[in-house]
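# can you look at this prediction? I've put the sequence above it.
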Amino acid sequence: MSAPNNAYDPVEVAVLAPDEVQQMLDDALRAIAAAADLDQLKAARIAHAGDRSPLALANAEIGALPPAARAEAGRRVGAARAAIRQTLAERQAELEAERDQRVLIDEAVDVTLPWDRSLAGARHPVTTLGERLTDVFVSMGYEVAEGPEVEAEWYNFDALNFPPDHPAREMYDTIFVAGRHGEQHSGVLLRTHTSPVQIRALLTRPLPVYVVSPGKCYRTDTLDATHSPVFQQIECLAVDEGLTMADLRGAISAFVEAMFGPGLQTRLRPDFFPFTEPSADVSMECHVCRGASTRRGGEPCRVCRSQGWIEIAGCGMVNPRMLVACGVDPDRYSGFAFGLGIDRSVLIRNGVTDIRDTFEGDVRFSRAFGMEA
Ligand code: DAH
């Protein structure tokens, strides 16, 4: 049972006496004045203006006073609390201003000091071109898909319809990863192309699939001006209902124009890849001479070796056998794919003749392509 309203406990309400309230106010003002920084002021605020502060507790006692005494006590406590709030706000402003002054001094920079003369690096052109190539596909609605560089042979070859002893496997001078017991045929290799990501994408993503996969690849090639055992490819795969070779051509032209300039012709010629049927190699009109070097009296062209065309990619319609290997119904879905070398594109785009220049780490090479953050 609660006590009746007029119950009056003289001990508890002693905190509302004028002297007591004045004492609380004095304590609070002293603590606020003594706060030397914002943390101390915060502590003073909690102690003297917080929910559990003496004045807040006193305020809660007002209801226990006889009605006649409440108004006066309320005014007294209210005035004390208002004074504290006001003083807190003023001290807060003072301390903030002090802090800002101090920061200006502490963090001042002497602009006359000699600067750090070590040269800033540049992002590598193979990296930046890889990102630009990827962006072209992303802007066409493709998603980025990645796969491991140490890959299972099944993804790199079998699922891509390379029969076990097919000579096509030899086109790919494979670096195998030795097994735990040193066995040569561990079934694990350094991926020889980015095409295994096609399999990974088809096995894990819902249809339709539109993916672009940039990444490093490895082959046993000996390093020379045009070969490197490590290189980067970018792969593009689309699997949907009703895709035809016209879609493949369209995607390739859009891509070539975005990378090398508008209006460049592309040409497909029959080729062979086990995972596409039919397969083709993609050439584009030379972006430097635009074929002029092939015409009578034309200047020779270093970039296309006066061929007028530059081979840039492999492509084709996804082989239905590959769709089946990935559990995709080839009667309902069809697809196209293409893949190209990123390092090679850097060479072509920039007229670099030696692939070794792209990874010898000489900053003069990167810098020549401009500094990109
Ligand atoms: N993976 C092939 C290579 O490394 C390139 C390639 C050809 C990729 C045809 C494709 C494709 O996606 O459809 O030589």
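Received, thanks.

# residue ranges of the strands in the stretch 201-350 of the chain, please?
Ranges of strands in the stretch 201-350 of the chain, per DSSP state E, counting those that start in this stretch, are 209-218, 230-241, 266-273, 276-285, 309-318, 333-341.

# residue 347: which of those is closest?
Distance to residue 347, taken as C-beta to C-beta, is lowest for strand 333-341 among the strands of the stretch 201-350 of the chain, at 8.7 Å. C-beta coordinates here come from the backbone N, C-alpha and C atoms, glycine included.

# quick one: contacts of that closest one?
193-195, 198, 207-209, 231-245, 247-248, 251-252, 275-276, 282, 312-318, 320, 323 (C-beta atoms under 8 Å, 6 or more residues apart in numbering).

# hang on, the earlier thing: as TSV, the strands of the stretch 201-350 of the chain with mean pLDDT and mean neighbour count would be great.
Shown next, in TSV, are these (pLDDT from 0 to 100; neighbours: other C-beta atoms under 10 Å):
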stretch	mean pLDDT	mean neighbour count
strand 209-218	97	22
strand 230-241	96	21
strand 266-273	95	16
strand 276-285	96	20
strand 309-318	96	22
strand 333-341	97	23
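
# mind putting the ones you listed into JSON lines with distance to the ligand?
Shown next, in JSON lines, are the strands of the stretch 201-350 of the chain (distance: least, C-beta to the nearest ligand atom, whole Å):
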{"stretch": "strand 209-218", "distance to the ligand": "7"}
{"stretch": "strand 230-241", "distance to the ligand": "5"}
{"stretch": "strand 266-273", "distance to the ligand": "4"}
{"stretch": "strand 276-285", "distance to the ligand": "4"}
{"stretch": "strand 309-318", "distance to the ligand": "3"}
{"stretch": "strand 333-341", "distance to the ligand": "3"}
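
# what residues does the stretch 51-200 of the chain have near the ligand?
Contacts of the stretch 51-200 of the chain with the ligand, taken as C-beta under 6 Å from any ligand atom, map to 193, 195.

# now do 8 Å
Residues of the stretch 51-200 of the chain lying close to the ligand by C-beta under 8 Å from any ligand atom are 171-172, 192-195, 198.

# format the strands of the stretch 201-350 of the chain as a markdown table; extra columns: distance to residue 98.
What follows is those, written out as a markdown table (distance: least, C-beta to C-beta, whole Å):
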| stretch | distance to residue 98 |
| --- | --- |
| strand 209-218 | 54 |
| strand 230-241 | 56 |
| strand 266-273 | 69 |
| strand 276-285 | 67 |
| strand 309-318 | 65 |
| strand 333-341 | 62 |
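
# how about residue 312, what does it touch?
256, 282-284, 340, 344-345, 348.

# quick one: contacts for the nearest residue to residue 37 once chain neighbours are set aside?
Closest residue in space to residue 37, ignoring its immediate chain neighbours: residue 95 at 6.2 Å, by C-beta to C-beta, 6 or more residues apart in numbering. Going by C-beta under 8 Å, 6+ apart, residue 95 touches 35, 37-38, 41.

# distance from the strand or helix carrying residue 95 to the middle of the chain?
Per DSSP states H and E: residue 95 is located in helix 67-106. The chain centre lies 47 Å from the centre of helix 67-106; the measure is C-alpha atoms, centre = their mean, to the nearest Å.

# related to what we said a few turns ago, filter the residues of the stretch 51-200 of the chain next to the ligand to the buried ones?
Buried residues within these, defined by neighbour count using 16 or more other C-beta atoms under 10 Å: 172, 192-195, 198.

# can you redo those as TSV with secondary structure?
Conversion of those to TSV gives the following (DSSP: H, G, I helix; E, B strand; the rest coil):
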residue	secondary structure
172	helix
192	coil
193	coil
194	coil
195	coil
198	helix
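
# break the chain down into its domains, please.
14-106, 125-367 (automatic domain parsing).

# does anything pack onto whichever strand or helix holds residue 39? Which helices or strands?
Assigned by DSSP H and E, residue 39 belongs to helix 38-49. Judged by 3 or more C-beta pairs under 8 Å, 6 or more residues apart in numbering; DSSP states H and E, the packing partners of helix 38-49 are helix 18-34, helix 54-61, helix 67-106.

# closest to residue 352 out of those helices?
The nearest among the helices and strands packed on helix 38-49, by C-beta to C-beta, is helix 67-106 at 49.1 Å.

# how far off helix 18-34 does the closest one point, in degrees?
In terms of direction (axes from the mean of the first three to the mean of the last three C-alpha atoms, to 10 degrees), helix 67-106 departs from helix 18-34 by 10 degrees.

# avg pLDDT for the helix or strand just after helix 67-106?
Proceeding N to C from helix 67-106, the next assigned helix or strand is helix 125-139, under DSSP H and E. Regarding helix 125-139, the rounded mean pLDDT is 90.

# ok, residues contacting helix 125-139?
Around helix 125-139, the neighbours that count as contacts under C-beta under 8 Å, 6+ apart are 144, 212, 214, 232, 234, 236, 254-255, 258-259, 342-343, 345-346, 349-350, 358-359, 365-366, 369, 372.

# ok, 7 Å please
Residues outside helix 125-139 that contact it (C-beta atoms under 7 Å, 6 or more residues apart in numbering): 144, 212, 214, 232, 234, 236, 255, 258-259, 342-343, 345-346, 349, 358, 366, 369, 372.

# same for the very next helix or strand once past that helix, what does it pack against?
Next in sequence after helix 125-139, counting helices and strands by DSSP H and E, comes strand 143-144. For strand 143-144, the packing partners by 3 or more C-beta pairs under 7 Å, 6 or more residues apart in numbering; DSSP states H and E come out as strand 209-218.

# mind doing that once more with 10 Å?
For strand 143-144, the packing partners by 3 or more C-beta pairs under 10 Å, 6 or more residues apart in numbering; DSSP states H and E come out as helix 125-139, strand 209-218.

# partners of it, with directions?
strand 209-218 (parallel) (DSSP bridges).

# check the offset of the strand it pairs with from the chain's centre.
For strand 209-218 - counting by C-alpha atoms, centre = their mean - the centre lies 16 Å from the chain centre.
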